[in-house]
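Student: need a 3D model of the sequence below.
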Amino acid sequence: MAFNEGGMASGLLIIAVSIVFAAGFGFLVLHFIPGTPF
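Tutor: Numbers count the residues shown, from 1 in each chain. Below is the predicted model of the structure:
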């Protein structure tokens with residue numbers, strides 16, 4: 001990953017996308033686990 005091309009905005013965008021993806025994946029995992037309120 002080349003962070004020097006987009007600068008700080010590119011890095012923040014990549015971090016935000018990774019956080020959203022991790023949150024969505026965690027929500028899906030909790031959704032398929034029985035006994036959780038999700």
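Student: what number of residues lie near Ser10?
Tutor: 14 (other C-beta atoms under 10 Å). Placement of C-beta: from N, CA and C, glycine included.
Student: and Leu30, by the same measure?
Tutor: Around Leu30 there are 11 residues (other C-beta under 10 Å).
Student: and the helix or strand in which it is found, average pLDDT?
Tutor: For Leu30, the element it lies in under DSSP states H and E is helix 8-32. The average pLDDT within helix 8-32 is 89.
Student: buried set for it?
Tutor: Neighbour counts over helix 8-32 (16 or more other C-beta atoms under 10 Å) mark no residue as buried.
Student: from the contact counts, what lies against it?
Tutor: Helix 8-32 sits against helix 3-6, with contacts defined as 3 or more C-beta pairs under 8 Å, 6 or more residues apart in numbering; DSSP states H and E.
Student: let's see it at 7 Å
Tutor: With contacts defined as 3 or more C-beta pairs under 7 Å, 6 or more residues apart in numbering; DSSP states H and E, helix 8-32 has no helix or strand neighbours.
Student: gap between it and the chain center?
Tutor: How far helix 8-32 lies from its chain's middle: 1 Å, per C-alpha atoms, centre = their mean, to the nearest Å.
Student: from Gly24, how far off is Ala16?
Tutor: Counting by C-beta to C-beta, to the nearest Å, the gap from Ala16 to Gly24 is 13 Å.
Student: cool, Ile33 as well?
Tutor: 15 Å.
Student: again with Gly35
Tutor: 21 Å.
Student: one more: Ser18?
Tutor: 11 Å.
Student: cool, and Leu30?
Tutor: Distance of Leu30 to Gly24, computed by C-beta to C-beta: 11 Å.
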